[in-house]
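Participant: I'd like to go over a predicted model; first the sequence, then the structure.
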Amino acid sequence: MSLQADFQHALLGIEPSTPGGLHTGNGSDPAARFAVYRNNVLSSLINALADSYPVVQALVGVEFFRAMAQLYVQQHPPRSRLLVHYGDDLANFIADFEPARSLPYLADVARLEAQRIQAYHAADADPVSNQQLAAAVSDSAHLAGLVFHLHPSVHVLSSAYAVRTLWAAHQGEGATEQVVIEQPEHCLVLRHQLDVLVIAVDAASAAFITHLQNGQPFAAATADCPADFDLSACLALLIHYGAITALSCE
């Protein structure tokens, strides 16, 4: 094991240990000094996760969250110096975390909170003008191959649970005890000006926007939409929030 790997294992390993070769200038016990450092690192990473996932923490309680977060930290050390991106895959960890199985919606709540962070830090991009959009959509000869490029902050979440309503209740929008958690929900997450919005959409809109995100042209993106899908309303929503940033044609 390399020196770096040995240090990382001692720092974040499940069993506390001290890397070899440590010395202190004042003669104090290097193991004790390293233990303090180790606890500080663990605490700072757990605190970063708590800051990123406040609703997840509120749902399970501080003690449960911190215990779960410590296991996550020990299995998933930071890959970047920027802690704002740390824990972006916590939802996958929660989905496989046996003690959280009694809250099957918890992983999707984490996904929503992660998407909000990603949306906030996404790159800026100017929306296309209404004139450009009108001209492109009215060109029936090329409409089928028209590709809508979406703002980097755009995310879609489709859940078997009322995740958006539950999240909103923790923002003061309604009471948590009134949430019908078994109700499937879909939402659009994006940054509009300086605000990150979480907007409820129907299943067809969520599927259509996801197709656009994946680079599908207009004809392919609408191919499996149900007959009652309100395409105009969905496009109007994207236009209103400046979510369409470029157009191209296949």
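Facilitator: Nice, I can see it.
Participant: Could you find the closest non-adjacent residue to residue 50?
Facilitator: Once flanking residues are discounted, residue 50 sits nearest to residue 57: 5.3 Å by Cβ to Cβ, 6 or more residues apart in numbering. C-beta here means a position set from N, CA and C on the backbone, and glycine is covered the same way.
Participant: Confirm for me that that neighbour is in contact with residue 67.
Facilitator: No. Contact criterion Cβ atoms under 8 Å: residue 57 and residue 67 do not qualify, at 11.5 Å.
Participant: out of these two, which sits in the busier spot?
Facilitator: Higher neighbour count among residue 57 and residue 67: residue 57, with 19 against 14, using other Cβ atoms under 10 Å.
Participant: For that one, pull up the helix or strand it's in.
Facilitator: helix 54-60 (DSSP states H and E).
Participant: ok, and for that helix, which residues are buried?
Facilitator: Buried residues in helix 54-60, defined by neighbour count with 16 or more other Cβ atoms under 10 Å: 55, 56, 57, 59, 60.
Participant: next one: stretch 106-121
Facilitator: Buried, per 16+ other Cβ under 10 Å, within stretch 106-121: 106-119.
Participant: Is it possible to get JSON lines of those residues that adds pLDDT?
Facilitator: Shown next, in JSON lines, are these (pLDDT from 0 to 100):
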{"residue": "106", "pLDDT": "99"}
{"residue": "107", "pLDDT": "99"}
{"residue": "108", "pLDDT": "99"}
{"residue": "109", "pLDDT": "99"}
{"residue": "110", "pLDDT": "99"}
{"residue": "111", "pLDDT": "99"}
{"residue": "112", "pLDDT": "99"}
{"residue": "113", "pLDDT": "98"}
{"residue": "114", "pLDDT": "98"}
{"residue": "115", "pLDDT": "98"}
{"residue": "116", "pLDDT": "98"}
{"residue": "117", "pLDDT": "97"}
{"residue": "118", "pLDDT": "97"}
{"residue": "119", "pLDDT": "98"}
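Participant: Just to be careful, could you list which of these are in helices?
Facilitator: Counting by DSSP state H, these place 106-119 in helices.
Participant: Looking at the buried residues of helix 54-60, spot the one nearest residue 181.
Facilitator: residue 59 (10.6 Å; Cβ to Cβ).
Participant: Would you agree that closest one is in contact with residue 107?
Facilitator: No. In this structure, residue 59 is not within contact of residue 107 by Cβ under 8 Å, at 11.3 Å.
Participant: got the residue ranges for the strands in this protein?
Facilitator: Counting by DSSP state E, the chain has these strands, from start to end: 146-150, 155-159, 185-192, 195-201, 244-249.
Participant: Export those strands as CSV, with columns for distance to residue 233.
Facilitator: What follows is the strands of the chain, written out as CSV (distance: least, Cβ to Cβ, whole Å):
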stretch, distance to residue 233
strand 146-150, 15
strand 155-159, 16
strand 185-192, 12
strand 195-201, 10
strand 244-249, 15
